[in-house]
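Peer 1: only the shape, not the letters, is given here:
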């Protein structure tokens, strides 16, 4: 499957279910990294349905699972699946929602406070296709947009400074050609001119600070965002599995060994997740990191 680290390594997809209140892993399974998107979704949902024994389930998914086929499959499902899914800005639907709200969303009336964040949010019931309508939640985080803009401006300014100092050295570098136009020039002392691709900057910042959620179940923008953010417990579980437990690279060549290794990782993740929960409840992170706690505990084992 596609490897986001751009490494020539086979990839598996790992499905993990976490208890919403306990924060503990309760199930995981591995899929081939080359499964079709809709196939992966259907397989995942069938396993979840078997585990929940038919109890109502709300599927919360990030941009990686978004596709028109996936949304259509969920809307057309006989069980009438409930879902909340983030829409990437590679989708024309998402860009259209941003443009429809760009002028008016930044107002006190649309302001929501979630934790330490102040976010603008607007909800509209939109036609997804001729047969279905969906709640479309459009969010704008002005602070995040400003931070992304300042970071991009600083990054491009630094690239331009380096390119002007040594233009020939950066001609073929992808990051420079993405934002800068380096051209031969007989009038320039260095033999080159360097200019910023303003349109590339504009396009990158066009959706900075924006987010689109679509759902067939949650009508309130604040509630939908809260539900979407709660999947963070799964994201942190994956990070802990890959980084703290060193399973980012499995380093195996046989399927059986791979299954054994991720099972041991699953058991270790249960322990790590429970330790994390206790540390949060007891405010232990103010005194030490989890690594320091484990080192301290190891002295008594």
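Peer 2: Cool, got the structure. Just so you know, these numbers come straight off a predicted model, no measurement behind them. Residues are numbered from 1 along each chain as shown.
Peer 1: show the average pLDDT along stretch 61-69.
Peer 2: For stretch 61-69, mean pLDDT rounds to 87.
Peer 1: by contact count, what packs against the helix or strand hosting residue 294?
Peer 2: Secondary structure assignment for residue 294, by DSSP states H and E: helix 290-298. Helix 290-298 sits against helix 255-281, with contacts defined as 3 or more C-beta pairs under 8 Å, 6 or more residues apart in numbering; DSSP states H and E. The C-beta positions use only the backbone N, C-alpha and C, and glycine is treated the same way.
Peer 1: can you give me the strands in this protein?
Peer 2: All strands of the chain, identified by DSSP state E, fall at 12-18, 25-32, 58-61, 82-86, 111-114, 117-127, 133-140, 180-184, 192-196, 210-215.
Peer 1: the second one vs helix 255-281, what angle?
Peer 2: What separates the directions of strand 25-32 and helix 255-281 is an angle of 150 degrees, with axes from the mean of the first three to the mean of the last three C-alpha atoms, to 10 degrees.
Peer 1: got the buried residues for strand 25-32?
Peer 2: Using 16 or more other C-beta atoms under 10 Å as the test for burial, strand 25-32 gives 25, 28.
Peer 1: quick revisit: residues touching the helix holding residue 294, excluding its own?
Peer 2: 244, 272, 275, 276, 279, 284, 288 (C-beta atoms under 8 Å, 6 or more residues apart in numbering).
Peer 1: ok, now which ones touch the first one?
Peer 2: In other words, residue 244. 272, 290.
Peer 1: how about the helix holding residue 294, which residues are buried there?
Peer 2: residue 293.
Peer 1: also stretch 212-224?
Peer 2: The neighbour-count check on stretch 212-224 (16+ other C-beta under 10 Å) flags 212, 213, 214, 215, 216, 217, 218, 221, 222, 224 as buried.
Peer 1: for the record, mean pLDDT for that stretch?
Peer 2: 96.
Peer 1: and if you look at stretch 159-176?
Peer 2: On average, stretch 159-176 scores 92.
Peer 1: among the buried residues of stretch 212-224, which two are most distant?
Peer 2: Farthest-apart pair in the buried residues of stretch 212-224 is 216 and 222; separation 17.9 Å (C-beta to C-beta).
Peer 1: looking at the buried residues of stretch 212-224, which one is closest to residue 169?
Peer 2: residue 212 (40.3 Å).
Peer 1: now the helices for the stretch 101-250 of the chain?
Peer 2: For the stretch 101-250 of the chain, the helices defined by DSSP state H, counting those that start in this stretch occupy 142-165, 174-179, 198-205, 221-229, 232-239.
Peer 1: tell me which of those helices lies nearest to residue 261.
Peer 2: The closest of these to residue 261 is helix 232-239. By C-beta to C-beta, the value is 15.5 Å.
Peer 1: for the closest one, list every residue counted as buried.
Peer 2: Going by neighbour count (16+ other C-beta under 10 Å), the buried part of helix 232-239 is 233, 234, 237.
Peer 1: state the distance from the nearest residue to the second one once chain neighbours are set aside to residue 268.
Peer 2: So the one you mean is residue 234. Leaving out its chain neighbours, the residue that sits closest to residue 234 by C-beta to C-beta, 6 or more residues apart in numbering is residue 18, at 5.0 Å. Remark: distance between residue 18 and residue 268 (C-beta to C-beta, to the nearest Å) = 15 Å.
Peer 1: again, but for residue 291
Peer 2: Residue 291 sits 14 Å away from residue 268, going by C-beta to C-beta.
Peer 1: and what of residue 281?
Peer 2: Taking C-beta to C-beta, one finds residue 281 at 21 Å from residue 268.
Peer 1: before we move on, what about residue 189?
Peer 2: Counting by C-beta to C-beta, the gap from residue 189 to residue 268 is 60 Å.
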